[in-house]
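K.L.:
coords please:
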Amino acid sequence: MKSLAGMSVLITGGGSGIGLGTARHCIERGARVTICGRRPDKIQEAATELGAECRGVAADITVASDRQKLIAATLEHGGQIDALINNAGNMYRGAITELEESSLQDIFNTNVIAAMLLTGLATPHLAQREGAVIFVGSIHTRRAFPGASPYAATKAAVQGLTRVLAAELGEQKIRVNCLLPGAVFTEINQRAGLMDDETALQRLEGMADLHALGRIGTAEEIAEAMAFLICAEWVTGAMIDIDGGLGLGITSDSAITSQKGDGKQ
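P.N.:
All right, here's what the predicted structure looks like:
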(Lines give C-alpha, C1' and ligand atoms only; values in the text may rest on other atoms or scores of the structure.)
Protein backbone atom coordinates (compact mmCIF):
# COMPACT_ATOMS: atom_id res chain seq x y z
CA MET A 1 0.00 0.00 0.00
CA LYS A 2 1.28 3.45 -0.91
CA SER A 3 2.11 6.21 1.57
CA LEU A 4 0.77 9.77 1.43
CA ALA A 5 4.27 11.09 2.08
CA GLY A 6 5.51 13.03 -0.93
CA MET A 7 2.20 12.88 -2.77
CA SER A 8 0.50 15.84 -4.47
CA VAL A 9 -3.24 15.89 -3.80
CA LEU A 10 -5.86 18.16 -5.37
CA ILE A 11 -9.06 18.69 -3.38
CA THR A 12 -11.98 20.69 -4.73
CA GLY A 13 -14.22 22.39 -2.20
CA GLY A 14 -11.32 22.41 0.24
CA GLY A 15 -12.14 25.52 2.22
CA SER A 16 -14.35 23.87 4.84
CA GLY A 17 -15.96 20.66 6.04
CA ILE A 18 -14.89 17.36 4.51
CA GLY A 19 -12.51 19.00 2.03
CA LEU A 20 -10.67 20.96 4.70
CA GLY A 21 -10.54 17.95 7.02
CA THR A 22 -9.12 15.78 4.25
CA ALA A 23 -6.51 18.40 3.35
CA ARG A 24 -5.38 18.59 6.97
CA HIS A 25 -5.24 14.78 7.26
CA CYS A 26 -3.12 14.44 4.10
CA ILE A 27 -0.71 17.23 5.06
CA GLU A 28 -0.17 15.72 8.50
CA ARG A 29 0.96 12.54 6.71
CA GLY A 30 3.45 14.24 4.44
CA ALA A 31 1.48 15.20 1.34
CA ARG A 32 1.40 18.51 -0.47
CA VAL A 33 -2.17 19.61 -1.01
CA THR A 34 -3.83 22.07 -3.35
CA ILE A 35 -7.33 23.17 -2.39
CA CYS A 36 -9.83 25.32 -4.22
CA GLY A 37 -13.08 27.15 -3.57
CA ARG A 38 -15.13 29.96 -5.02
CA ARG A 39 -14.61 32.40 -2.14
CA PRO A 40 -11.07 33.87 -2.13
CA ASP A 41 -11.19 34.89 1.53
CA LYS A 42 -12.39 31.48 2.70
CA ILE A 43 -9.86 29.52 0.67
CA GLN A 44 -7.00 31.79 1.72
CA GLU A 45 -8.00 31.45 5.37
CA ALA A 46 -7.95 27.66 5.04
CA ALA A 47 -4.59 27.64 3.25
CA THR A 48 -3.03 29.89 5.89
CA GLU A 49 -4.34 27.62 8.64
CA LEU A 50 -2.86 24.52 6.95
CA GLY A 51 0.56 26.06 6.33
CA ALA A 52 3.20 25.97 3.62
CA GLU A 53 2.32 22.48 2.36
CA CYS A 54 -1.07 23.79 1.25
CA ARG A 55 -1.74 25.95 -1.82
CA GLY A 56 -5.12 27.69 -1.88
CA VAL A 57 -6.60 28.60 -5.25
CA ALA A 58 -9.70 30.74 -5.71
CA ALA A 59 -11.42 28.85 -8.51
CA ASP A 60 -14.90 27.92 -9.71
CA ILE A 61 -14.73 24.39 -11.12
CA THR A 62 -17.71 25.09 -13.40
CA VAL A 63 -15.53 27.58 -15.35
CA ALA A 64 -13.18 26.07 -17.95
CA SER A 65 -10.36 28.58 -17.43
CA ASP A 66 -10.51 28.04 -13.67
CA ARG A 67 -10.18 24.28 -14.13
CA GLN A 68 -7.07 24.84 -16.24
CA LYS A 69 -5.71 27.24 -13.61
CA LEU A 70 -6.31 24.69 -10.88
CA ILE A 71 -4.41 21.92 -12.67
CA ALA A 72 -1.50 24.29 -13.34
CA ALA A 73 -1.40 25.42 -9.69
CA THR A 74 -1.39 21.82 -8.47
CA LEU A 75 1.53 20.93 -10.74
CA GLU A 76 3.43 24.01 -9.64
CA HIS A 77 2.86 23.34 -5.94
CA GLY A 78 3.18 19.58 -5.85
CA GLY A 79 5.26 18.78 -8.93
CA GLN A 80 2.76 16.14 -10.05
CA ILE A 81 -0.80 14.97 -9.37
CA ASP A 82 -1.14 11.76 -7.38
CA ALA A 83 -4.79 12.13 -6.41
CA LEU A 84 -7.85 14.17 -7.32
CA ILE A 85 -10.67 14.40 -4.79
CA ASN A 86 -13.84 15.71 -6.41
CA ASN A 87 -15.40 17.05 -3.23
CA ALA A 88 -17.01 20.35 -4.35
CA GLY A 89 -20.78 20.22 -4.44
CA ASN A 90 -24.00 22.11 -3.91
CA MET A 91 -27.45 21.28 -2.56
CA TYR A 92 -30.78 22.02 -4.20
CA ARG A 93 -34.04 20.79 -2.64
CA GLY A 94 -37.70 21.02 -3.44
CA ALA A 95 -40.87 19.13 -4.27
CA ILE A 96 -40.89 17.63 -7.76
CA THR A 97 -43.79 19.93 -8.69
CA GLU A 98 -41.78 23.04 -7.78
CA LEU A 99 -38.33 22.46 -9.29
CA GLU A 100 -36.79 25.09 -11.56
CA GLU A 101 -34.92 24.08 -14.69
CA SER A 102 -32.09 26.58 -14.22
CA SER A 103 -31.44 25.38 -10.66
CA LEU A 104 -31.41 21.77 -11.83
CA GLN A 105 -28.88 22.63 -14.52
CA ASP A 106 -26.74 24.45 -11.95
CA ILE A 107 -26.57 21.52 -9.53
CA PHE A 108 -25.79 19.00 -12.26
CA ASN A 109 -23.13 21.32 -13.63
CA THR A 110 -21.43 21.66 -10.24
CA ASN A 111 -21.89 18.18 -8.84
CA VAL A 112 -21.40 16.12 -12.01
CA ILE A 113 -20.30 17.88 -15.19
CA ALA A 114 -17.52 20.05 -13.73
CA ALA A 115 -16.10 17.07 -11.84
CA MET A 116 -16.08 15.01 -15.05
CA LEU A 117 -14.25 17.73 -16.97
CA LEU A 118 -11.71 18.34 -14.21
CA THR A 119 -11.04 14.61 -14.04
CA GLY A 120 -10.41 14.60 -17.76
CA LEU A 121 -7.84 17.38 -17.41
CA ALA A 122 -6.11 15.57 -14.55
CA THR A 123 -6.04 12.16 -16.24
CA PRO A 124 -2.72 12.50 -18.15
CA HIS A 125 -0.97 13.61 -14.96
CA LEU A 126 -2.60 10.91 -12.84
CA ALA A 127 -1.54 8.28 -15.37
CA GLN A 128 2.09 9.28 -14.89
CA ARG A 129 1.75 8.55 -11.17
CA GLU A 130 -0.68 5.58 -11.30
CA GLY A 131 -2.85 7.84 -9.23
CA ALA A 132 -6.34 7.95 -7.78
CA VAL A 133 -9.62 9.77 -8.34
CA ILE A 134 -12.19 9.95 -5.57
CA PHE A 135 -15.75 11.13 -6.08
CA VAL A 136 -18.00 12.05 -3.17
CA GLY A 137 -21.38 10.37 -3.37
CA SER A 138 -24.06 10.47 -0.70
CA ILE A 139 -26.22 8.42 1.60
CA HIS A 140 -29.10 9.96 -0.37
CA THR A 141 -28.66 7.11 -2.83
CA ARG A 142 -29.12 4.57 -0.03
CA ARG A 143 -32.07 6.20 1.74
CA ALA A 144 -34.83 8.23 0.14
CA PHE A 145 -35.36 11.66 1.71
CA PRO A 146 -38.42 13.44 0.28
CA GLY A 147 -37.59 16.76 -1.35
CA ALA A 148 -33.99 15.83 -2.13
CA SER A 149 -34.49 14.45 -5.64
CA PRO A 150 -32.14 16.94 -7.40
CA TYR A 151 -29.25 16.24 -5.04
CA ALA A 152 -29.87 12.49 -4.96
CA ALA A 153 -29.96 12.38 -8.76
CA THR A 154 -26.57 14.08 -9.04
CA LYS A 155 -25.04 11.71 -6.53
CA ALA A 156 -26.48 8.67 -8.31
CA ALA A 157 -24.86 10.02 -11.48
CA VAL A 158 -21.53 10.34 -9.69
CA GLN A 159 -21.72 6.73 -8.57
CA GLY A 160 -22.42 5.52 -12.10
CA LEU A 161 -19.58 7.70 -13.34
CA THR A 162 -17.22 6.12 -10.81
CA ARG A 163 -17.75 2.62 -12.16
CA VAL A 164 -17.42 3.63 -15.80
CA LEU A 165 -14.23 5.60 -15.21
CA ALA A 166 -12.76 2.80 -13.10
CA ALA A 167 -13.15 0.52 -16.12
CA GLU A 168 -12.05 3.19 -18.60
CA LEU A 169 -8.95 4.36 -16.74
CA GLY A 170 -7.84 1.06 -15.25
CA GLU A 171 -5.61 0.36 -18.24
CA GLN A 172 -3.64 3.49 -17.25
CA LYS A 173 -3.44 2.20 -13.66
CA ILE A 174 -5.66 5.04 -12.41
CA ARG A 175 -7.97 3.95 -9.60
CA VAL A 176 -11.43 5.55 -9.36
CA ASN A 177 -13.59 5.15 -6.27
CA CYS A 178 -16.51 6.83 -4.51
CA LEU A 179 -17.17 7.58 -0.84
CA LEU A 180 -20.73 7.86 0.42
CA PRO A 181 -20.74 9.97 3.60
CA GLY A 182 -23.67 10.01 5.98
CA ALA A 183 -24.60 12.89 8.26
CA VAL A 184 -21.51 15.09 8.62
CA PHE A 185 -21.67 18.80 9.41
CA THR A 186 -20.58 20.86 6.39
CA GLU A 187 -21.52 24.20 4.84
CA ILE A 188 -23.60 22.70 2.05
CA ASN A 189 -26.93 23.84 3.51
CA GLN A 190 -25.61 27.30 4.27
CA ARG A 191 -24.39 27.71 0.68
CA ALA A 192 -27.83 26.71 -0.52
CA GLY A 193 -29.32 29.41 1.69
CA LEU A 194 -31.40 26.96 3.66
CA MET A 195 -30.29 27.56 7.26
CA ASP A 196 -27.61 28.94 9.53
CA ASP A 197 -24.83 26.91 11.18
CA GLU A 198 -26.62 26.38 14.47
CA THR A 199 -29.86 25.20 12.87
CA ALA A 200 -28.03 22.88 10.46
CA LEU A 201 -26.04 21.29 13.27
CA GLN A 202 -29.16 20.85 15.42
CA ARG A 203 -30.94 19.10 12.56
CA LEU A 204 -28.01 16.78 11.97
CA GLU A 205 -27.72 15.97 15.67
CA GLY A 206 -31.43 15.13 15.57
CA MET A 207 -30.55 12.31 13.19
CA ALA A 208 -28.22 10.55 15.64
CA ASP A 209 -30.77 7.81 16.40
CA LEU A 210 -31.05 6.93 12.71
CA HIS A 211 -27.41 5.78 12.76
CA ALA A 212 -26.57 2.27 13.93
CA LEU A 213 -23.66 3.78 15.89
CA GLY A 214 -25.86 6.40 17.51
CA ARG A 215 -24.16 9.60 16.33
CA ILE A 216 -23.34 11.73 13.31
CA GLY A 217 -19.86 11.64 11.80
CA THR A 218 -16.90 13.98 11.59
CA ALA A 219 -14.85 15.32 8.71
CA GLU A 220 -11.79 13.54 10.11
CA GLU A 221 -13.55 10.18 9.87
CA ILE A 222 -14.31 10.81 6.21
CA ALA A 223 -10.70 11.95 5.68
CA GLU A 224 -9.40 8.62 6.99
CA ALA A 225 -11.38 6.82 4.30
CA MET A 226 -10.16 9.28 1.65
CA ALA A 227 -6.56 8.56 2.63
CA PHE A 228 -7.14 4.82 2.38
CA LEU A 229 -8.52 5.14 -1.15
CA ILE A 230 -5.66 7.38 -2.27
CA CYS A 231 -3.16 4.75 -1.17
CA ALA A 232 -4.95 1.43 -1.76
CA GLU A 233 -3.36 0.02 -4.90
CA TRP A 234 -5.91 -2.74 -5.65
CA VAL A 235 -9.18 -0.94 -5.00
CA THR A 236 -11.11 0.57 -7.90
CA GLY A 237 -14.75 1.00 -8.84
CA ALA A 238 -15.73 0.77 -5.16
CA MET A 239 -18.63 2.52 -3.42
CA ILE A 240 -17.73 2.77 0.25
CA ASP A 241 -20.33 3.86 2.78
CA ILE A 242 -18.86 5.97 5.60
CA ASP A 243 -22.11 6.69 7.38
CA GLY A 244 -22.21 5.20 10.87
CA GLY A 245 -24.92 2.82 9.67
CA LEU A 246 -27.34 5.51 8.46
CA GLY A 247 -27.85 3.64 5.20
CA LEU A 248 -29.03 0.52 7.03
CA GLY A 249 -32.50 2.04 7.32
CA ILE A 250 -32.85 2.08 11.10
CA THR A 251 -35.89 4.12 12.08
CA SER A 252 -36.50 6.31 15.09
CA ASP A 253 -39.79 8.15 15.56
CA SER A 254 -38.11 11.03 17.39
CA ALA A 255 -35.40 11.42 14.78
CA ILE A 256 -37.80 11.27 11.86
CA THR A 257 -39.98 13.90 13.46
CA SER A 258 -37.10 16.35 13.93
CA GLN A 259 -35.20 15.67 10.69
CA LYS A 260 -36.27 14.78 7.19
CA GLY A 261 -32.89 14.55 5.58
CA ASP A 262 -31.53 18.11 5.36
CA GLY A 263 -27.80 18.53 5.36
CA LYS A 264 -26.23 15.21 4.46
CA GLN A 265 -23.23 15.41 2.19
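K.L.:
V158 reaches V112, doesn't it?
P.N.:
Yes. Counting by C-beta atoms under 8 Å, V112 is a contact partner of V158 at 6.2 Å. C-betas here are computed from N, CA, C, even on glycine.
K.L.:
can you pull up the most central residue in this structure?
P.N.:
Nearest to the mean C-alpha position of the chain, by C-alpha atoms, centre = their mean, lies N87 at 2.5 Å.
K.L.:
and the lengthiest helix in the chain, what other elements does it pack with?
P.N.:
Longest helix of the chain, by residue count under DSSP state H: helix 149-169. Under the contact criterion of 3 or more C-beta pairs under 8 Å, 6 or more residues apart in numbering; DSSP states H and E, helix 149-169 touches helix 101-108, helix 114-129, strand 132-136, strand 175-181.
K.L.:
try 10 Å
P.N.:
Here helix 149-169 touches strand 83-86, helix 101-108, helix 114-129, strand 132-136, strand 175-181, strand 239-242, going by 3 or more C-beta pairs under 10 Å, 6 or more residues apart in numbering; DSSP states H and E.
K.L.:
that one: which residues count as buried?
P.N.:
149-155, 157-158, 161-163, 165-166, 169 (16 or more other C-beta atoms under 10 Å).
K.L.:
how far is that helix from where the chain is centred?
P.N.:
Put simply, helix 149-169 sits 13 Å off its chain's centre (C-alpha atoms, centre = their mean, to the nearest Å).
K.L.:
between it and strand 175-181, how many degrees?
P.N.:
On the basis of axes from the mean of the first three to the mean of the last three C-alpha atoms, to 10 degrees, helix 149-169 is oriented at 160 degrees to strand 175-181.
K.L.:
before we move on, the earlier item: for the helices and strands packed on helix 149-169, please prepare a markdown table with the additional fields mean pLDDT and distance to C36.
P.N.:
Converted to a markdown table, those look like this (pLDDT from 0 to 100; distance: least, C-beta to C-beta, whole Å):
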| stretch | mean pLDDT | distance to C36 |
| --- | --- | --- |
| strand 83-86 | 98 | 11 |
| helix 101-108 | 97 | 18 |
| helix 114-129 | 98 | 10 |
| strand 132-136 | 98 | 14 |
| strand 175-181 | 97 | 19 |
| strand 239-242 | 94 | 23 |
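K.L.:
deepest of these, which one?
P.N.:
strand 83-86 (a mean of 28; mean count of other C-beta atoms under 10 Å).
K.L.:
nice, that's everything, thank you.
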